[in-house]
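1. Structural data only, the sequence is not supplied:
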């Protein structure tokens with residue numbers, strides 16, 4: 001278990017580290033994440049690769065930011081041996097100052113193999129778990145390619161509540177064959193099980209997935225845009241009735257339950273991604289970089305070059321790209337993005353934005369009617385791509 005003994009001092013704004021474990025027991029038919037079937041893993045080699053990359057990042061940004069979150073995602077990171085998770089946390093703790101309320105999350109599926117490791121994860125410093133439940137109907141779990149049952153999911157949720165300070169779980173809705181009354185019943189059951197946070201995602205058909213193939217063959221149908229709008233509104237109404245705030249398009253929380261790590265992304269803070277296919281957004285010498293690690297696990301783990309030139313793609317972002325990314329991420333939140341924040345990313349932001357179009361979007365109730373800031377309305381959230389296409393000058 002890590003112990004943060006470094007002296008406390010003032011540091012710059014929030015900063016997080018994402019650890020990507022790219023392996024799963026099986027590939028879900030809707031998933032387009034960079035994940036692969038678990039097979040013949042040399043865990044010592046993988047652990048060493050993570051340690052080497054942590055040390056690389058230390059040379060780039062050591063002591064420049066207070067660490068507010070570590071997030072183990074995937075793939076299925078709860079399949080990692082707990083001692084490797086422990087070594088990674090301890091290695092990070094050697095170099096970065098941890099915030100007093102640092103959030104350390106691990107994603108897990110509600111199978112017996114994984115939930116039996118919950119106590120181990122708690123003992124090594126994990127204080128939040130995010131469970132991939134996806135449905136509370138057994139027949140739909142099978143359609144989604146999940147390896148657990150509803151009973152196992154409920155057991156996992158109960159154990160997560162027992163062992164961790166915070167927990168969350170995911171559900172997918174607007175599934176093939178699903179109707180509004182069925183979703184209402186399922187969702188009310190979910191909120192009775194939930195803690196302070198829950199993620200509720202509309203099913204989307206992503207290129208490269210099995211569902212994409214089936215959809216294009218006409219063998220899979222999902223609700224149309226009007227029905228999807230009804231699903232979304234019903235979801236928000238039920239969430240509100242249970243006192244959950246829809247603080248991001250697909251994420252709901254009670255007071256104090258927001259995901260600190262995901263807020264780093266949406267607020268366009270600095271974060272480092274480590275692992276095959278992981279992304280980073282970091283400022284180095286006052287320049288912001290978009291960095292992606294090689295997506296192929298074997299290439300990533302075998303790259304031992306000092307500067308990881310074979311497994312890192314590094315691009316310095318222009319002021320225009322920084323402004324665009326800030327708005328793409330930040331408008332997912334109901335919280336306004338101030339013009340001062342826009343200016344911090346691009347001093348000439350006013351030359352890029354179409355303020356006449358912004359005023360029209362406000363009149364049409366797609367943007368909130370506030371001064372010196374920009375934020376979507378609840379209605380605007382469902383038309384975010386359209387809004388983004390209109391607020392920039394041609």
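-> Yep, it's here. Predicted model only: the values in this text are computed from it and were never measured.

2. show me what contacts the residue nearest the centre of the chain?
-> Against the mean C-alpha coordinate of the chain, by CA atoms, centre = their mean, the closest residue is residue 262 at 5.1 Å. With CB atoms under 8 Å, 6 or more residues apart in numbering as the criterion, the residues that contact residue 262 are 248, 251. In short, each C-beta sits where N, CA and C put it, glycine included.

3. Let me know the average pLDDT across the helix or strand hosting it.
-> Here residue 262 sits within helix 260-266, counting by DSSP states H and E. Helix 260-266 comes out with an average pLDDT of 96.

4. How about stretch 185-204?
-> In this model, stretch 185-204 carries a mean pLDDT of 97.

5. can you check stretch 281-288 too?
-> The model assigns stretch 281-288 a mean pLDDT of 90.

6. Near residue 212, how many other residues are there?
-> 17 (other CB atoms under 10 Å).

7. what's the worst-scoring helix or strand of the chain on mean pLDDT packed up against?
-> Lowest mean confidence among the helices and strands of the chain (mean pLDDT, DSSP states H and E): helix 112-115, at a mean of 81. With contacts taken as 3 or more CB pairs under 8 Å, 6 or more residues apart in numbering; DSSP states H and E, helix 112-115 sits against helix 150-163.

8. what sits up against the helix it packs on?
-> With contact meaning CB under 8 Å, 6+ apart, helix 150-163 is reached by 108, 110-112, 114-115, 118-119, 121-122, 129, 131, 133, 135-138, 141, 148, 167, 169, 193-195.

9. Out of those residues, which end up buried?
-> Buried members of the contacts of helix 150-163, scored by 16 or more other CB atoms under 10 Å, are 108, 110-111, 114-115, 118, 121-122, 129, 131, 133, 135-137, 141, 148, 167, 169, 194-195.

10. can you map out the helices along the stretch 251-394 of the chain?
-> Using DSSP state H, counting those that start in this stretch, the helices assigned to the stretch 251-394 of the chain run over residues 260-266, 297-302, 319-330, 339-345, 349-352, 355-363, 378-381, 384-391.

11. List just the one of those helices that sits closest to residue 21.
-> helix 297-302 (9.6 Å; CB to CB).

12. How far does the closest one sit from its chain's centre?
-> Distance, stretch centre to chain centre, for helix 297-302: 23 Å (CA atoms, centre = their mean, to the nearest Å).

13. now for that helix, which elements pack on it?
-> Helices and strands touching helix 297-302, by 3+ CB pairs under 8 Å, 6+ apart, are helix 43-61.

14. beta partners of residue 287?
-> When assigned by DSSP bridges, residue 287 has beta-bridge partners residue 284.

15. How many residues are close by it?
-> 10.

16. Counting neighbours, what do you get for the residue nearest to residue 367 when sequence neighbours are not counted?
-> Leaving aside its sequence neighbours, residue 367 sits nearest to residue 361 (CB to CB, 6 or more residues apart in numbering; 4.3 Å). With neighbours defined by other CB under 10 Å, the count for residue 361 comes to 23.

17. And for residue 242?
-> Neighbours around residue 242, by other CB under 10 Å: 15.

18. Just read off the phi/psi values of the closest residue to it other than its chain neighbours.
-> In space, and not counting its chain neighbours, residue 242 is closest to residue 191: 4.2 Å by CB to CB, 6+ apart. Phi and psi for residue 191, reported as degrees, to the nearest 10, are phi -70, psi -30.
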